[in-house]
Each structure stands twice: as structure tokens, then as C-alpha cells.
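Novice: Requesting a structural model of the entry that follows:
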Amino acid sequence: MDIATLIGLVGGIVLVVISMIIAGGVTVIPRYIDPASMMITFGGALMAMIASTSIKNFVGGLKSFTLALKQPEMDMAQMIQKIIELSNVARKEGLLSLEEAAGSIEDDFLKKGILLVVDGTDPELVRAIMETELSCIQDRHSTNIHFWEDFATMGPAWGMIGTLIGLINMLQDMSDPDALGPNMAVALVTTFYGSLLANWLCTPIAQKLKKNDEIEFQHPLYKKVIAEINHIFDQEGEHLTRYFLAHPDEEISRLAVDLVSEKYQLSKIHTKFQTIESEEEKLADLIPRALFELKDAITSLNIKHIREEIKKTAKEKNPERTTQLMSELNGLYALKAALAKQLGERIVSPK
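Specialist: Predicted coordinates for the structure are as follows:
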């Protein structure tokens, strides 16, 4: 479960309720509860959604709410590693051996492609079937996203309709001044419901589904690689690995290096008699040293400028300014000595 979405939804409504209580106390909560306004806003928005789509898509759109609460599982490196393992199995034991290996694949999309290969389906037909399957998945995701986006537009619209109904009733009963305020409040409650429906629920869910869809199917780098593979498959005499390693696009070249390079391991000989520092441990030492070196460079630059200033004041015969500069220079020499101690350097103090 993606706890961020749950925290956002629950936290949003809790903050609204707390704000109501802070503004007028617990007793004001019933003022924001109006069955007629709920019927117009929520019921009207739901009926408009049913009218704009089929019952199947409507039910599917409501069910897609649970998808926003799930963490998308898309480990591209693990999937590529699995494909490499399957290709090695097919090369050593034949394509039929993939049927048993396919049983351990959790991804339904990949499993379907492997089983098509095992059945001896033509490679071009396999590619066409898989691209069609992928397109259907994307269309289904797009339908759910549009459902919540349209729902977000319906909420404020029906809230405004409820407000207009309330205003009409209020204006028809202008004879009672005491009733104007309560009637106006009831009219505005529908607008409140519509804004809450759109901005608290529908828009966040639509955005979350869109982000999850981009994670699963819209990664620009992998789409770029797939496009390159489709382009190069028809060219004879081209070595795919060499082509991608030397690719002019830096992102594709870096990805190819990561995929074909084996992860290095330090030999036990190096770790048996000494401790190998991790990158984090090295940074803990390098960052303070870099800061000390920067301070030392700035101090040296200031010493140089003050020396030049002392020469000018000596020619101008300004003893007070010379004395002040000498005091500053001694302070800088003391600072440089302290920095040199931290950096492990030796300095020669000026006489």
C-alpha cells in the first residue's frame, strides 16, 4: 500500500474539520451537513458520470480508486535480468524449456510473451500481440485517469447548480430578514461540497493514477531504447551490444554499460587485513577537508591583499593605518596556522 495517498486523503479532511472547529467550535459541524446539498452535488455528479460513460467503465473507474493506494511494482533491472536468464535457458536447453521457467514469472505481461514464444508463434506476430496487449493496458489506465479527471470537473459544476437553487429559494423569501443568512449559508454549502469533491478526492486520485501509469509504461529512456531496437533489427550486420555501448545518446550509452558490466567485488585479500572505507565514510572525511582547504585558500588571498595594502600605506606614511593592517595580518597568520594544523601541513611563520 502507498501510505502517502492515504495520509494525504485522511489528513486533508481532518484539517478541514479541525479548521471548522477552531473557527466556531464543535457545535458548528452540523451547519456543514445538509442532505439536500449532498444529494445535488454528489448525486448529480455521479449521475452525470453515468450518463457520460458506460456502466462497465463507471464501475471500473470507481474500483480504480484502490489502484491509487497501491505502490507500483516496477523493477526494470530485475525484469531485464530475468529476460537475460530466460535467454540463457533457451539457448542451452531450447525454447520448450521456457514453459517450466515461465511458471516462476510474476509479471503477467512477460509471462504471456514467453508462452507465445514457447508455442512457436512467429516473432513478428509475438511482437504485434505484445504491442497490442500493452496498448490495451495503457488504454484501460487512460480510461480510469479520465474518469477521475471528469469527476473532478463535475463536482464544482453541480455544486454551483445547488448554490443557484439555494439562491433562488432565498430571493423568493425576502420578506423574512432573519432567514436570509441561514438560506445563504445552505446555498454556499453545495459549492463547498463541490470544491471538496474535486480538490480533496478526484484530482489527487487522477494525478496519482497518472504518475503510476508513467512509472510503468512511460519511462522515456526505456521507450527510447525500444524504439532504437525496432529501428536496428532490420539492419544486417549490426551488433546490438556494440551499437548501444557507442550510442551518441549519453543516457542510452550509460544504460548499456550498466547492463553489460558485471558488478565488481573486492577480493578477500584486500579486505582480510584492512578495512575498506565505503563511499559514505570517505565523504565524511573529504567534505570537512575540502572546507578547510577552501578557508585556507581564502585566508592566503586575504594575506596577499593586506601585504599589498601595507606597502601602499608605508609609502603614504600613514602609521595608524599600517598598525591596523599589521594587526589584521597577524590575525590571518594565526588563522592560517590553525587551518594548516587541521590539514596536516607545515608552515613557516613570518618573522
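
Novice: what about Pro156, distance to Asp150?
Specialist: 12 Å (Cβ to Cβ, to the nearest Å). C-beta here means a position set from N, CA and C on the backbone, and glycine is covered the same way.

Novice: need the next SSE after the helix or strand Asn302 falls within, C-terminal direction.
Specialist: Assessed by DSSP states H and E, Asn302 sits inside helix 279-316. In the C-terminal direction, the helix or strand that comes right after helix 279-316 (DSSP H and E) is helix 319-343.

Novice: From the chain's centroid, how far away is that following helix?
Specialist: Centroid separation for helix 319-343 versus its chain: 50 Å, with Cα atoms, centre = their mean, to the nearest Å.

Novice: mind checking pLDDT for Ala350?
Specialist: Slight slip there: residue 350 is Pro, not Ala. pLDDT, Pro350: 49.

Novice: Then Tyr193?
Specialist: Tyr193 is given a pLDDT of 92.

Novice: Over to Arg254?
Specialist: On pLDDT, Arg254 comes in at 72.

Novice: again with Trp158
Specialist: The score at Trp158 is 92. That number is its pLDDT.

Novice: Could you check which helix or strand contains it?
Specialist: Element membership for Trp158, per DSSP H and E: helix 123-171.

Novice: out of Pro156 and Asp150, which sits in the more crowded spot?
Specialist: Legend: neighbour count by other Cβ atoms under 10 Å for Pro156 and Asp150, higher for Pro156 (20 against 17).

Novice: just to revisit the earlier point, could you look up the next helix or strand downstream of the helix holding Trp158?
Specialist: The first helix or strand that comes after helix 123-171 along the chain, using DSSP H and E, is helix 180-196.

Novice: Now do the buried residues in that following helix.
Specialist: For helix 180-196, a neighbour-count test (16 or more other Cβ atoms under 10 Å) marks 183, 186-194, 196 as buried.

Novice: Check those against Ile161 and report the nearest one.
Specialist: For the buried residues of helix 180-196, the residue nearest Ile161 by Cβ to Cβ is Thr190; the value is 7.5 Å.

Novice: That closest one is in contact with Gly43, isn't it?
Specialist: No: with contact defined as Cβ atoms under 8 Å, Thr190 does not reach Gly43; the gap is 11.3 Å.
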